[in-house]
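>>> What would the 3D arrangement of this be:
(one chain, ligands or ions: 1)
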Amino acid sequence: MAALDVQKMEMPEEMTEEKLASLPPELLIKHPLQNSWTLWYYENDKSRSWEQNQVEIITVTSVEDFWSTYNYIETASNLKHGTDYSLFKQGIKPMWEDQRNRSGGRWLISLDRGDKQRRERLDVYWLDVMLLMIGEGFGDAGETVCGAVVNIRNKGDKIAIWTGDAKKAEEVIRIGQRLKEVLNINPKITIGYQAHSDTMVKSGSIAKNRYTV
Ligand code: MGP
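Residues are numbered from 1 along each chain as shown. All right, here's what the predicted structure looks like:
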């Protein structure tokens, strides 16, 4: 299926219920997404386990649902430190333990803590990553995409795309290249892909890279 141009389908802000009701029915058909996507929110409540702190917010099945959700919820840059948003294909939990993540890994983009444009960059990157996924912008390699996570952290925010099989080198690399291209990351900057099995046992904050682009 061709990539959807989801960006052009944003609902005009001045649209009211009244105006909607007067539109011809053929204009009211929602544009289905190839995959349904579930949004999760994580907040660090120390009285609960890490898994219990992952809360499922909503599953979107159309372009319009995605934009209504996006326009309604807080932007990533307005979240408090220690929180995450995750957007995963419906049925996949945003956890290493999920069957479809277990053998996979993530392309990790670490954002500079001292970046004066932190808010803008974080929000633009996160939105671009979500649009790339729901618009199926990875071609055939998109099948291996499980979801994406944004971590809001004092020490520096992170955005990652998770894929399901760290051994599928060709697909993993294609996803990394496309990610860099869409986010317009300077070609001189390299980003790394780490297997979850390495991240789970890392000492310190860095797991070894299986691939870089
Ligand atoms: P984090 O939230 O991914 O990154 O992992 P943070 O907070 O920047 O920390 P750092 O270690 O990368 O510097 C923080 C901790 O959350 C991990 O050490 C785990 O204890 C827990 N955690 C994170 N993830 C993604 C998982 C997961 O998928 N499953 C489980 N069980 N715990 C996880």
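
>>> residues near Leu87, how many?
Around Leu87 there are 22 other residues, counting by other C-beta atoms under 10 Å. Using the backbone N, CA and C atoms, a C-beta is placed for each residue, glycine as well.

>>> Mind telling me what element it is part of?
Applying DSSP states H and E as the criterion places Leu87 in strand 83-89.

>>> The helix or strand following that strand and the ligand in contact?
For strand 83-89, the succeeding helix or strand toward the C-terminus, using DSSP H and E, is strand 105-110. No. Under the criterion of C-beta under 6 Å from any ligand atom, strand 105-110 makes no contact with the ligand; the nearest approach is 8.8 Å.

>>> tell me the mean pLDDT over strand 105-110?
When pLDDT is averaged over strand 105-110, the result is 97.

>>> So which elements touch it?
Using 3 or more C-beta pairs under 8 Å, 6 or more residues apart in numbering; DSSP states H and E as the contact test, the elements touching strand 105-110 are strand 158-163, helix 169-182, strand 192-195, helix 196-200.

>>> contacts for the lowest-mean-pLDDT helix or strand in the chain?
For the chain, counting by mean pLDDT, DSSP states H and E, helix 17-22 ranks last in confidence among helices and strands (a mean of 84). Counting contacts by C-beta atoms under 8 Å, 6 or more residues apart in numbering, the residues outside helix 17-22 that touch it are Leu28.

>>> Surely Glu64 touches Leu28?
No. With contacts counted by C-beta atoms under 8 Å, Glu64 stays clear of Leu28, the gap being 9.4 Å.

>>> before we move on, back to that, just the CA trace of the least confident helix or strand of the chain, in PDB.
Backbone C-alpha positions of helix 17-22 (Å, rounded to 0.1, in the frame of the first residue of the first chain) are rendered in PDB as follows:
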ATOM      1  CA  GLU A  17     -20.200  20.200  14.700                       C
ATOM      2  CA  GLU A  18     -22.700  22.300  12.800                       C
ATOM      3  CA  LYS A  19     -20.400  22.600   9.700                       C
ATOM      4  CA  LEU A  20     -19.600  18.900   9.900                       C
ATOM      5  CA  ALA A  21     -23.300  18.100   9.800                       C
ATOM      6  CA  SER A  22     -23.900  20.100   6.700                       C
END
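
>>> quick one: the longest strand belonging to the chain to strand 83-89, angle?
Longest among the strand segments of the chain by residue count, using DSSP state E, is strand 32-42. For strand 32-42 and strand 83-89, the angle between their directions (axes from the mean of the first three to the mean of the last three C-alpha atoms, to 10 degrees) works out to 150 degrees.

>>> Could you identify the helix or strand that succeeds strand 32-42?
The first helix or strand that comes after strand 32-42 along the chain, using DSSP H and E, is strand 54-62.

>>> pLDDT averaged over whichever helix or strand comes after that next one - what is it?
Counting by DSSP H and E, the element after strand 54-62 in chain order, helix or strand, is helix 63-72. In this model, helix 63-72 carries a mean pLDDT of 96.

>>> which strands and helices sit next to helix 63-72?
By 3+ C-beta pairs under 8 Å, 6+ apart, helix 63-72 packs against strand 32-42, strand 54-62, helix 118-134.

>>> can you pull the pLDDT of Ser205?
Note for Ser205: predicted pLDDT of 68.

>>> Restricting to C-alpha, output stretch 189-197 in CSV.
C-alpha atoms of stretch 189-197 as CSV (Å, rounded to 0.1, in the frame of the first residue of the first chain):
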residue,chain,number,x,y,z
ILE,A,189,25.7,12.5,13.0
THR,A,190,25.4,8.7,13.5
ILE,A,191,22.5,7.1,15.3
GLY,A,192,22.7,3.6,16.7
TYR,A,193,20.5,0.5,16.9
GLN,A,194,20.6,-1.5,20.1
ALA,A,195,19.1,-5.0,20.7
HIS,A,196,16.7,-5.0,23.7
SER,A,197,18.6,-8.1,25.0
